[in-house]
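Chemist: everything below, folded, please.
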Amino acid sequence: MSIFSEVASMFIERQDQFWNLMWEHIYMSVLSLLCAVLIAVPLGIMLSRKQKIAEPVIGVAAVLQTIPSLALLGFMILLLNQIGTVPAVVALTAYALLPVLRNTYTGIKGVDPSLIEAATGMGMSSMQRLQKIELPMAMPVIMAGVRTSMVLIVGTATLAALISAGGLGDFIMTGIDRANNAYILLGAIPAALLALFFDFILRMMEKQSQGKSITPIMVVLGISLAIVFTPLVTASQQTELVVGGKVGAEPEIIANMYKHLIEEETDISVAVDSGMGSTDVAFNALRSDEVDMYLEFTGTALVELLNQEAEPGSSEADVYEETRAGMSEEHNMALLEPMQFNNTYALAMNEDLAEELEVQTISDAASEADNLVAGFTFEFADRSDGYKGMSDVYDFTFDTVETMEPGLRTRAVQTGDVDVIDAYATDADIVEFDLTLLEDDQDFFPPYQGAPLLKEETLEEYPEIEDILNQLGGEISDEEMQDMNYMVDYKDADPSEVAEDYLTENGFLE
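Modeler: Residues are numbered from 1 along each chain as shown. Here you go, the predicted model:
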């Protein structure tokens, strides 16, 4: 089967999801364009009257566009203290200001001065000149700026999936995580076509203006407002609880387990919002009430959220109790009973290379560190319970370390671009690609048992969910979790169905 046949088949299977993400992408893009136009056009008009400050102000807009879009999204999360559509729209608006602002200013300043002089001689006021002469004459130039901004917004909006804003970027990020080109194309091709479609519509409007009227910009604003306010008219009843999840099959499977269990035993409606990127993004979403709970790991919470070090060789029970108490005391959050599987960090190599170099433990890797290229995720490379701390405990560093997205590191180790990667004990990649996990012979990595993390006030409002979620305490072995991850990552099974099948087979659901 060709890649495009695979994409077509995937589209047929996931039509509901596709159209939902397409609508999210359109909504986010149009809202951002609307905000950019409403800010930049009036500002450009004002600057055409106050030329002394024009260049500095346009320069500020230019600086905003030089900031990498991903960095701008991250900054907006910190500034607004939330994730999702709002910070995405603010970042996209800032990114789109320059073309509209510069073209508005340039278009108005480019109007023939003799026309302005003649209009003034006829007794027209400044506002009348603007409405009757300057804006109509400048409209083609302004519309060219709007077209440029629209294309920038649609393309950049795919990155908004990293902060749980949805859109077609969800497919792209899933494809990167699973090293699945079909998913990537299912997001990338429609995004490109959407950009071309919007550009075509705006180009038609631009041609219609030709110095005659300001109708095109009014049409853009009208359509944008209609799209923006549509959800307010058609909005359905909100779900009561939202279960979040980081990027990856495992968090999405477990999030769906929480959903199935809660909805099975209560009348509470639950939504799943997975793919929230790193630990910081997921935790900020919980703190800002963007989500009500998510799957967190005991070792991650202890080190990253409580800034504590786990004692080498600490038991799973000790780490859990220390983490549970700390999360309650410092953050007023409840960490419920952990599941059995321990998705601990590990270093992995191709089985053949490990045998050739006789590397079985992390200490063995130290003797080959100068000859090995490491490929680590951004989070692992920067965490004290990751590469930073491991280097201190084992007293060595790799000569070359490449950082990359989780889904890419497995592909990189298979192609030989890197020799050692970070992995998780329940990764499906371990089985699929015959990877060898290096023994943590100095017991550096703490236990990482998954457990629901939620605010204590959520438990006060919904006390019944504690016993419901604690049913999974001590359940799900490493092998069972690895098998479920494999079904999602390599068999393209639906995470919700995988979760439901496990719960049904093990007696949690009827």
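
Chemist: so which elements touch the lengthiest helix in the chain?
Modeler: What stands out as the longest helix in the chain, according to DSSP state H, is helix 15-49. On a contact count with 3 or more CB pairs under 8 Å, 6 or more residues apart in numbering; DSSP states H and E, helix 15-49 meets helix 54-66, helix 85-109, helix 135-156, helix 169-178, helix 181-209, helix 215-234. Just so you know, the C-beta spots here come from the backbone N, C-alpha and C atoms, and that holds for glycine as well.

Chemist: contact partners for I108?
Modeler: By CB atoms under 8 Å, 6 or more residues apart in numbering, the contact list for I108 reads 44-45, 48, 134-135, 138.

Chemist: which one of the residues you listed sits closest to S477?
Modeler: When these are ranked by distance to S477 (CB to CB), G44 comes first, at 62.3 Å.

Chemist: any idea of the pLDDT on the residue lying closest to that closest one once chain neighbours are set aside?
Modeler: Using CB to CB, 6 or more residues apart in numbering and skipping residues adjacent in sequence, the residue nearest G44 is T104, 2.8 Å away. What the model reports as pLDDT for T104 is 93.

Chemist: ok, T104 - how many residues close by?
Modeler: 28 (other CB atoms under 10 Å).

Chemist: the one 3 residues further on now?
Modeler: Applying other CB under 10 Å, we find 23 other residues in the vicinity of G107.

Chemist: same question for S32.
Modeler: Counted by other CB under 10 Å, the residues lying close to S32 total 29.

Chemist: that one against I153, yeah?
Modeler: Yes - using CB atoms under 8 Å, S32 is in contact with I153, at 5.0 Å.

Chemist: between the two, which contacts overlap?
Modeler: Counting by CB under 8 Å, 6+ apart, the residues touching both S32 and I153 are 92, 96.

Chemist: coming back round to it: out of the helices and strands packed on helix 15-49, flag the one nearest M122.
Modeler: helix 135-156 (16.0 Å).

Chemist: let me see the ranges of the helices in the stretch 251-400 of the chain.
Modeler: 279-287, 298-300, 316-331, 351-357, 362-366, 378-382, 387-394 (DSSP state H, counting those that start in this stretch).

Chemist: how much space separates N284 from G74?
Modeler: As defined by CB to CB, to the nearest Å, N284 lies at a distance of 11 Å from G74.

Chemist: for the most centrally placed residue in the chain, what are its contacts?
Modeler: Geometric centre of the chain, nearest residue: L162, 1.0 Å, by CA atoms, centre = their mean. The contact partners of L162, by CB under 8 Å, 6+ apart, come to 70, 73, 169, 173, 277, 281.

Chemist: host element of the first one?
Modeler: Assigned by DSSP states H and E, L70 falls within helix 69-80.

Chemist: neighbouring contacts of that helix?
Modeler: Contacts with helix 69-80, where a contact means CB under 8 Å, 6+ apart, come from 64, 67, 83, 86-88, 90-91, 94-95, 156, 159-160, 162-163, 281, 284.

Chemist: returning to what we had before: now, of the contacts of L162, which are buried?
Modeler: The neighbour count (16 or more other CB atoms under 10 Å) marks 73, 169, 173, 277, 281 as buried among those.

Chemist: pretty sure the second one sits against T156.
Modeler: Just to be clear, that refers to G169. No - the criterion here is CB under 8 Å, and G169 misses it with T156 at 9.5 Å.

Chemist: which secondary element of the protein has the worst mean pLDDT?
Modeler: Using mean pLDDT, DSSP states H and E, the weakest-scoring helix or strand in the chain turns out to be helix 215-234, at a mean of 65.

Chemist: below-threshold pLDDT in the stretch 101-250 of the chain: ranges please.
Modeler: Counting by pLDDT under 70, the stretch 101-250 of the chain has low-confidence residues at 208-221, 224-225, 228-239.

Chemist: mind running it again at 50?
Modeler: The stretch 101-250 of the chain contains residues with pLDDT under 50 at 235-237.

Chemist: picking up where we left off before, now do the longest helix of the chain: distance to the chain's middle.
Modeler: In terms of CA atoms, centre = their mean, to the nearest Å, the gap separating the centre of helix 15-49 from the centre of its chain is 19 Å.

Chemist: please identify the buried residues of stretch 63-77?
Modeler: For stretch 63-77, burial by neighbour count (16+ other CB under 10 Å) applies to 64, 69, 72-74, 76-77.

Chemist: pick the one among those residues closest to E358.
Modeler: G74 (42.1 Å).

Chemist: and the closest one, what's its pLDDT?
Modeler: As predicted, G74 sits at a pLDDT of 72.

Chemist: could you measure from it over to M205?
Modeler: From G74 across to M205, the span is 34 Å (CB to CB).

Chemist: same deal with G110?
Modeler: G110 is 19 Å from M205, where distance means CB to CB.

Chemist: looking at these two, which one has more neighbours?
Modeler: More crowded of G110 and M205, by other CB under 10 Å: M205, with 21 against 13.

Chemist: gap between that one and I53?
Modeler: Going from M205 to I53 by CB to CB gives 30 Å.

Chemist: verify the stated contact: P190 with G167.
Modeler: No - assessed by CB under 8 Å, P190 is found out of contact with G167, at 10.2 Å.

Chemist: which one's more surrounded, those two?
Modeler: Higher neighbour count among P190 and G167: G167, with 27 against 18, using other CB under 10 Å.

Chemist: got the domain boundaries for this structure?
Modeler: By the assignment in automatic domain parsing, the chain contains the domains 3-234, 241-342+447-505, 345-438.

Chemist: ok, H260 - contacts?
Modeler: By CB under 8 Å, 6+ apart, the contact set of H260 is 496, 499-500, 503, 508-509.

Chemist: pick out the most distant pair among these.
Modeler: Using CB to CB for every pair in those, the one that comes out farthest apart is S496 and F508, at 14.5 Å.

Chemist: I am finished for the moment; much appreciated.
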